[in-house]
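Enquirer: Return a 3D structure for these sequence lines:
(chains A and B)
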Amino acid sequence: MVSLDGINKAFENRVRLGIMSVLMANGSADFVTLKSLLNLSDGNLASHARNLEDLGYVASEKTFMNRKPNTTFHITDLGRTAFSDHISALEKLLKIQLNG
Amino acid sequence: MENEEIVDTLSEIRNLMERSSKVLSLSGTSSLLVGGCAMAGAFVASYFLYGSLEPLHWNYVYERSGSPSLESLAWLIGLAAVLIGISLSIVFAMSYYRAKRLHLSFRMDAVMRKMLFSFFLPLVAGGLLCLSQMYNGNYASVASNMLIFYGIALISISSFTYSSTKHLGMCEILVGLSDSFISGHSLFFWMVGFGILHILYGAWFLIFFEKDGVMRRFFMRIKKGRA
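Expert: This next block holds a predicted model:
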């Protein structure tokens, strides 16, 4: 998933980048919060979240609130490292392009 | 990736991180207002207890003339409660209107609950400690404990909001500790900690931090000129 210059393909998608940004800042967020912050449909958020979960960047936890299912997403240590590596790679690219 | 694309991506990340986590915050303006309230409170307390503003001067040292009357104690506690109420309403109202302006959701979610808990836990513990000290007739360290516990509360919420809140908290603790070592200047230190520090922080925040702050725009222009 990681290309030569350190850019992580998993984060090239806007939705996945958004999910990771929110989780990076808050540690965890529930489904409804993420949906309204990122302006997404249920299905769209669910499929991208599952994608990140398969990569091990995000963990989900399903609980019931007033008998309604409520999913909370957490960022994993692997996800944190992967995301900050991605940001550093972006910074490096930017610096090279500014200087070159 | 193209240059502009990267900049867009980075600013989008920053935007999302800010929008998702800094809903409830002590902004520059609300800090100025809270500081102003505390100054007014210190003036009122000084005038009520001593009949003049002299106790707020650094040169003034309290004469130890026994414990204050029950009446004035109740009055002081009432004043403190009113000040806390006004300050909290200011912070909540300003945060609410900011959230509304930026189209953010301002509601009781998990993050907000965690934040309120970590703010009020040290604050309530410190408040009860202060009450117990007054109950036992030990008035000298009440002001410094208020400052220290408020500082701890600020530090403990700093991971949920602007990280500069942590530095304000450290300054509060420092002022509180100075007060505990230097006796006879409680009201002076209280005014510095709750009034002047908030005003300084608010001014600093407005000038350097806020998106359309004067100094920020100035520095951006310098940076642009250099690039």
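Enquirer: How far off centre is stretch A:81-99?
Expert: Its chain's C-alpha centre and that of stretch A:81-99 lie 17 Å apart, by C-alpha atoms, centre = their mean, to the nearest Å.
Enquirer: Going by neighbour count, which residues of it are buried?
Expert: Neighbour-count burial for stretch A:81-99 flags A:82-83, A:86-87, A:89-90, A:93-94 (criterion: 16 or more other C-beta atoms under 10 Å in any protein chain shown). The C-beta positions use only the backbone N, C-alpha and C, and glycine is treated the same way.
Enquirer: could I get the residues you listed as a markdown table with distance to residue B:143 and pLDDT?
Expert: Formatted as a markdown table, those follow (distance: C-beta to C-beta, whole Å; pLDDT from 0 to 100):
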| residue | distance to residue B:143 | pLDDT |
| --- | --- | --- |
| A:82 | 48 | 92 |
| A:83 | 44 | 92 |
| A:86 | 49 | 91 |
| A:87 | 44 | 89 |
| A:89 | 51 | 89 |
| A:90 | 49 | 87 |
| A:93 | 53 | 84 |
| A:94 | 50 | 83 |
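Enquirer: Most widely separated two among these?
Expert: Largest separation among the buried residues of stretch A:81-99 by C-beta to C-beta: A:82 and A:94, giving 19.0 Å.
Enquirer: what about the one helix or strand residue B:90 maps to and chain A, any contact?
Expert: Residue B:90 is part of helix B:70-101 when elements are defined by DSSP states H and E. No - applying C-beta under 8 Å from any C-beta of the partner chain, one finds helix B:70-101 separated from chain A by no less than 12.3 Å.
Enquirer: after that helix, next one along is what?
Expert: helix B:110-135.
Enquirer: So which bits of that following helix are buried?
Expert: Buried-residue list, helix B:110-135, by 16+ other C-beta under 10 Å: B:111, B:114-115, B:118-119, B:122-123, B:126-127, B:129-130, B:134.
Enquirer: Which of those residues sits closest to chain A?
Expert: Of all those, chain A sits closest to residue B:111, with 5.6 Å by C-beta to the nearest C-beta.
Enquirer: near chain A, anything from stretch B:110-123?
Expert: Yes - Stretch B:110-123 is in contact with chain A by C-beta under 8 Å from any C-beta, via B:110-111.
Enquirer: Give the rounded mean pLDDT of that stretch.
Expert: Throughout stretch B:110-123, pLDDT has a mean value of 88.
Enquirer: Pull the CA coordinates from it and hand them back as CSV.
Expert: Taking Å, rounded to 0.1, in the frame of the first residue of the first chain, the C-alpha atoms of stretch B:110-123 are listed here in CSV:
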residue,chain,number,x,y,z
ALA,B,110,-18.8,11.2,24.0
VAL,B,111,-16.0,13.7,23.5
MET,B,112,-17.9,16.5,25.2
ARG,B,113,-18.8,14.2,28.1
LYS,B,114,-15.2,13.1,28.6
MET,B,115,-14.1,16.8,28.4
LEU,B,116,-16.6,18.0,31.0
PHE,B,117,-15.7,15.2,33.3
SER,B,118,-12.0,15.8,33.1
PHE,B,119,-12.6,19.5,33.7
PHE,B,120,-15.0,19.3,36.6
LEU,B,121,-13.3,16.5,38.5
PRO,B,122,-10.3,18.5,39.7
LEU,B,123,-12.4,21.7,39.9
